[in-house]
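Asker: this is the structure alone, sequence omitted:
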Ligand code: FAS
Ligand code: PHB
């Protein structure tokens with residue numbers, strides 16, 4: 001087999017890249033380890049930045065998002081049993097779109113297949129090869145047959161646990177990481193959300209987040225131990241703990257309960273691998289970086305990398321200019337580190353740290369107080385949350 005761009009991974013990064021390259025007339029093939037059903041059913045992120053919405057519209061996959069997604073013009077911080085709204089419209093003139101990652105993935109797969117795109121699901125033993133040469137290739141097994149995809153460039157969109165980053169010689173990569181002393185127990189529940197907009201709660205018992213999947217289903221998270229066993233949490237125990245953490249005074253508000261249909265624990269880490277390219281192998285999305293989900297940035301960072309890489313390939317093939325390709329990693333990293341900082345800051349601001357002294361706990365609450373009482377500080381949070389300008 002031969003193509004121009006071999007893409008490893010059919011998550012949001014790989015699929016959006018495939019779609020944008022198709023629109024630029026650049027041939028590509030996507031190799032995905034899992035089945036289509038698995039990839040389309042994986043519950044993950046839920047918030048799209050303002051520019052990510054634009055990017056998906058430009059990619060021709062914005063129709064269902066705009067019909068079914070929820071535009072949010074603000075977000076709420078809850079602490080000391082009081083709720084404070086950060087007004088995106090007033091502070092930035094922008095919004096975020098609550099539309100789940102698995103819906104984005106479904107829309108992109110549908111668009112690619114409708115356009116005759118090639119996505120090989122359930123490909124196994126996928127290995128990027130010869131990417132230090134000008135003739136890279138990807139070896140893999142599919143339908144029981146060993147195959148080779150020859151290409152000009154390889155896009156490593158295979159996530160944090162993928163094969164691409166691991167294929168780069170360790171001496172060539174600088175790794176920056178931080179592991180947090182907690183995780184998130186996430187649930188999906190068949191009950192309408194108890195708030196029109198997201199609520200991030202900082203409580204003595206720990207962090208909690210109220211989000212949603214449309215108007216009929218709730219998505220909620222609570223801070224837990226990093227190795228928490230979700231099966232140790234009955235529905236009753238989850239709803240009780242969430243009710244504690246979202247407790248509020250002087251507001252006619254209560255947390256609606258309903259059947260929990262999915263629960264899982266996500267570990268929390270910050271991670272960046274530099275550079276994001278080696279020879280003709282390029283890393284995009286979680287393959288290169290991870291953020292704690294507190295700032296709702298993981299998916300959005302992946303989509304931003306794709307925009308940079310697709311534009312660089314467009315210049316290479318259609319203007320015979322490889323400058324952008326050579327600058328891909330530096331261009332992405334400038335914005336990635338600002339988003340890593342914001343995700344770290346939101347995590348530090350909202351979670352309970354057992355190592356915190358009484359003084360540090362007071363400083364954390366004072367910072368929350370400052371954020372919600374200063375227009376300048378609220379604007380800082382708002383402009384990061386709706387999304388920093390793309391390169
Ligand atoms: P992905 O991991 O989505 O996709 C990589 C793809 O490559 C997968 O389909 C995988 O099967 C495939 N693959 C892996 N190895 C392969 C191989 N060797 N060969 C072929 N294919 C291979 N972000 C948020 O903003 N908010 C959240 O609430 C949030 N929650 C998350 C919960 C969990 C459990 C996880 C793991 C992540 C969460 N994230 C969240 C981050 C998440 O949304 C990622 O940022 C996003 O999926 C990144 O997209 P990709 O880079 O495409 O990687
Ligand atoms: C989600 O809806 O899954 C979500 C929203 C905001 C976050 C993290 C997750 O910060």
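Answerer: On my side now, so go ahead. A quick note: this is a predicted structure, and the numbers were derived from the prediction, not measured. Residues are numbered from 1 along each chain as shown. Ligands and ions are numbered 1, 2, ... in the order given.

Asker: what does the stretch 201-350 of the chain have sitting close to ligand 2?
Answerer: 209, 211, 219, 293-296 (Cβ under 6 Å from any ligand atom). All C-beta spots, glycine's among them, are computed from the backbone N, C-alpha and C.

Asker: from these, which is closest to residue 165?
Answerer: Closest approach to residue 165 among these (Cβ to Cβ): residue 293, at 20.1 Å.

Asker: how about the residue nearest to residue 158 when sequence neighbours are not counted, what does it touch?
Answerer: Counting by Cβ to Cβ, 6 or more residues apart in numbering, residue 158 lies nearest to residue 9, which is 3.8 Å off, once chain neighbours are set aside. Shown in contact with residue 9 (Cβ atoms under 8 Å, 6 or more residues apart in numbering): 30-33, 156-159, 162, 285, 287.

Asker: could you export those as TSV, including neighbour count, pLDDT and secondary structure?
Answerer: As requested, these are exported to TSV (neighbours: other Cβ atoms under 10 Å; pLDDT from 0 to 100; DSSP: H, G, I helix; E, B strand; the rest coil):
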residue	neighbour count	pLDDT	secondary structure
30	27	98	strand
31	27	98	strand
32	24	98	coil
33	21	98	coil
156	30	98	strand
157	33	98	coil
158	29	98	coil
159	20	98	coil
162	21	98	coil
285	30	98	helix
287	30	98	helix
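
Asker: which of the residues you listed come close to ligand 1?
Answerer: By Cβ under 6 Å from any ligand atom, the members of the contacts of residue 9 lying near ligand 1 are 31-33, 157-159, 162, 285.

Asker: make CSV out of those residues and add distance to residue 149.
Answerer: Output for these, formatted as CSV (distance: Cβ to Cβ, whole Å):
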residue, distance to residue 149
31, 7
32, 13
33, 14
157, 14
158, 14
159, 19
162, 16
285, 20
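
Asker: picking that back up, select only the buried ones of the residues of the stretch 201-350 of the chain next to ligand 2 in PyMOL?
Answerer: Selection command for PyMOL covering only the buried members of these, criterion 16 or more other Cβ atoms under 10 Å:
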select buried, resi 209+211+219+293+294+295+296
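
Asker: does ligand 1 have contacts with the longest helix seen in the chain?
Answerer: Longest helix in the chain, counting residues (DSSP state H): helix 328-350. No: Helix 328-350 stays clear of ligand 1 (Cβ under 6 Å from any ligand atom), getting no nearer than 8.9 Å.

Asker: quick check: mean pLDDT of that helix?
Answerer: Across helix 328-350, pLDDT averages out at 98.

Asker: could you do stretch 107-116 as well?
Answerer: Average pLDDT, stretch 107-116: 98.

Asker: in that stretch, what's buried?
Answerer: Buried residues in stretch 107-116, counting neighbours by 16+ other Cβ under 10 Å, are found at 107-109, 111-112.

Asker: now that stretch, how far from the chain's geometric center?
Answerer: Put simply, stretch 107-116 sits 21 Å off its chain's centre (Cα atoms, centre = their mean, to the nearest Å).

Asker: are it and ligand 1 in contact anywhere?
Answerer: No: Stretch 107-116 lies out of reach of ligand 1 by Cβ under 6 Å from any ligand atom, never closer than 10.2 Å.

Asker: need the residues that contact that stretch.
Answerer: 10, 12, 15-16, 18-19, 22, 30, 36, 39-40, 56, 59-61, 64-65, 117, 119.
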